[in-house]
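# Fold the following for me, if possible:
(one chain, ligands or ions: 1)
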Amino acid sequence: MNFGYREVCLDHDTGPRHPESPDRLRAIRRALKEHHSVEYVAANDADIDLVRAVHDPDYISEFREFCDDGGGNWDADTVAVEETWDAALASAGLSVWAAKAALDGNAGRDTPFALGRPPGHHAVGDDAMGFCFINNAAVAAQAALEADAERVAIFDWDVHHGNGTQDIFYDRSDVFYASIHEDGLYPGTGDIAETGADDADGTNLNVKYKPGADTADYLAAIDECIAPAIRDYAPDLLLISAGFDAHEHDPISRMRVSTEGYGAMTDRMRSLADTCGAALGFVLEGGYGLDTLADSITTVHEVFDGYQPMEPDDDVSDDARDVLDELAAQGFGSK
Ligand SMILES: [Zn+2]
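I've put the predicted structure just below:
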């Protein structure tokens with residue numbers, strides 16, 4: 001794969017014991033060193049007007065001043081230092097690069113993956129939260145739409161609901177947002193009944209699973225619900241908000257997706273993009289077990305290098321089946 005990366009993203013220092021640390025990127029890069037066909041790209045900062053197109057300009061000014069004044073705690077978990085502004089603009093810029101590189105035809109072994117931090121999917125239109133300041137995937141989607149894409153789909157497999165991405169595009173039909181997330185985790189949003197507002201009704205899809213959902217449950221959500229919905233939507237670009245905190249060994253969730261499971265989901269996304277004739281790009285979100293994060297991203301990379309991931313043997317759980325039935329009743333589902 002082609003990985004977007006910039007050293008300045010390490011300068012966003014969240015302090016000791018914060019799970020969203022620069023060590024996450026270091027662990028990923030260390031693991032990727034052992035693999036072939038890894039290319040790094042240092043993209044430009046995101047254009048500030050593009051950031052302002054998805055965020056309230058007053059909020060962006062406030063965030064910049066907060067960093068200029070030395071940073072601090074924006075809220076209990078969302079921490080900035082002076083360098084966070086530069087890291088956030090770089091992180092958003094890497095996502096824009098991923099979207100544009102995909103649209104320019106980078107595919108197969110050249111599929112783009114933006115390895116930025118701070119992450120983005122909790123950042124709402126007018127506020128930072130949940131370790132996120134600028135919504136990287138949203139800025140990338142906006143960049144694609146301002147280039148030559150008419151419709152963008154974002155699939156968010158981070159264990160948390162991407163409330164920010166949903167918020168930004170909830171009443172816009174030019175972006176389809178789909179998420180699988182754990183019920184009861186931060187930030188508590190992402191109900192199945194949240195399907196989009198006004199003309200955008202039907203362009204927001206929340207698979208809210210109970211704790212303990214495993215790879216088979218995730219793949220069933222994709223096969224029965226998310227992939228058919230995205231096929232119908234026919235996007236020009238499919239962006240993956242790729243968090244790895246649903247991993248069975250991640251310290252902050254109770255989901256049970258395996259490393260192979262991330263490979264299997266990647267394979268599904270590659271096929272889905274092919275079927276839609278859509279470009280495909282990845283944007284890093286969460287993932288807090290350093291080894292599992294690094295192993296999972298390595299597996300994503302390997303899938304684009306020819307590796308065929310194993311399919312799980314287990315059946316879909318009853319809890320997951322109930323959620324998929326409920327989604328089918330909302331009009332999302334192939335059954
Ligand atoms: Zn997360």
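
# OK, contacts around the residue in the chain positioned nearest to the ion?
Distance from the ion to each residue of the chain (Cβ to the ion) is smallest for Gly286, at 3.0 Å. (Glycine included, C-beta is placed from N, CA and C.) By Cβ atoms under 8 Å, 6 or more residues apart in numbering, Gly286 lies in contact with 20, 119, 131, 158-160, 243-245.

# quick check, nearest of the residues you listed to Pro211?
Of all the contacts of Gly286, Pro211 sits closest to Val159, with 9.7 Å by Cβ to Cβ.

# State the number of residues packed around that closest one.
Residues lying near Val159 (other Cβ atoms under 10 Å) number 29.

# Looking at stretch 88-106 now, give me its mean pLDDT.
Stretch 88-106 carries an average pLDDT of 98.

# what does stretch 292-299 give?
pLDDT averaged over stretch 292-299 gives 98.

# which of the contacts of Gly286 are close to the ion?
On the criterion Cβ under 5 Å from the ion, 158, 160, 243, 245 are the entries of the contacts of Gly286 that sit beside the ion.

# Pull out the buried positions in stretch 187-207.
189-190, 194-196, 200, 202-207 (16 or more other Cβ atoms under 10 Å).

# Just put these in a markdown table and tack on secondary structure.
What follows is the buried residues of stretch 187-207, written out as a markdown table (DSSP: H, G, I helix; E, B strand; the rest coil):
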| residue | secondary structure |
| --- | --- |
| Thr189 | coil |
| Gly190 | coil |
| Glu194 | coil |
| Thr195 | coil |
| Gly196 | coil |
| Ala200 | helix |
| Gly202 | coil |
| Thr203 | coil |
| Asn204 | strand |
| Leu205 | strand |
| Asn206 | strand |
| Val207 | strand |
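
# So which residues on the protein come close to the ion?
Counting by Cβ under 5 Å from the ion, the chain sits next to the ion at 158, 160, 243, 245, 286.

# Repeat the analysis, applying 8 Å as the threshold.
Residues of the chain lying close to the ion by Cβ under 8 Å from the ion are 119, 121, 130, 158-160, 185, 243, 245, 252-253, 285-288.

# Mind telling me which residue is nearest the centre of this protein?
Centroid check for the chain by Cα atoms, centre = their mean gives Ser241 as the closest residue, at 1.2 Å.

# Could you pull up the residues touching the closest residue to it other than its chain neighbours?
Spatial nearest neighbour of Ser241, excluding adjacent residues (Cβ to Cβ, 6 or more residues apart in numbering): Asp156 at 3.7 Å. Neighbouring residues of Asp156 by Cβ under 8 Å, 6+ apart: 121, 137, 162, 165, 177-181, 240-241, 243, 285.

# of those, closest to Asp319?
Ile180 (13.1 Å).

# Can you tell me who the closest one pairs with across the strands?
Ile180 forms beta bridges with Val207, as assigned by DSSP bridges.

# residues touching it, list them.
Applying Cβ under 8 Å, 6+ apart, the residues near Ile180 are 156-157, 207, 209, 213, 218, 221, 226, 246.

# same thing with Ile192?
Taking Cβ under 8 Å, 6+ apart, one finds 206-208, 323, 326-327, 330 in contact with Ile192.

# burial of Leu290, as a residue count?
That count, for Leu290 with other Cβ under 10 Å as the rule, works out to 18.

# nope, Pro16 is what I meant
6.

# What pLDDT is listed against it?
So Pro16 comes in at 93 (pLDDT).

# Sticking with it, tell me its helix or strand.
Under DSSP states H and E, no helix or strand contains Pro16.

# got it, and Tyr177?
Going by DSSP H and E, Tyr177 is in strand 175-182.

# which helix of this structure spans the most residues?
Longest helix in the chain, counting residues (DSSP state H): helix 84-103.

# That one packs against which elements?
If you count contacts as 3 or more Cβ pairs under 8 Å, 6 or more residues apart in numbering; DSSP states H and E, helix 84-103 packs onto strand 2-4, helix 48-54, helix 57-68, strand 112-114, helix 136-146, strand 237-242, strand 279-284.

# still on that earlier bit, narrow the contacts of Ile180 to those in strands?
156, 207, 209 (DSSP state E).

# Reformat these into CSV and put pLDDT next to each item.
Formatted as CSV, the ones in strands among the contacts of Ile180 follow (pLDDT from 0 to 100):
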residue, pLDDT
Asp156, 99
Val207, 98
Tyr209, 98
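
# ok so, going back, now pLDDT too, for the contacts of Asp156, in TSV please.
Formatted as TSV, the contacts of Asp156 follow (pLDDT from 0 to 100):
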residue	pLDDT
His121	98
Ala137	99
Gly162	98
Thr165	98
Tyr177	98
Ala178	98
Ser179	98
Ile180	98
His181	98
Ile240	99
Ser241	98
Gly243	98
Glu285	98
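
# Name the member of these with the most neighbours.
In the contacts of Asp156, the most neighbours by other Cβ under 10 Å go to Ala137, 37 neighbours.

# Do I have it right that that one meets Ala92?
No: contact between Ala137 and Ala92 fails when scored by Cβ atoms under 8 Å: they sit 9.4 Å apart.

# Which residues are in contact with each of those two?
Gly120.

# Any idea how far apart the tips of stretch 1-19 sit?
26 Å (Cα to Cα, to the nearest Å).
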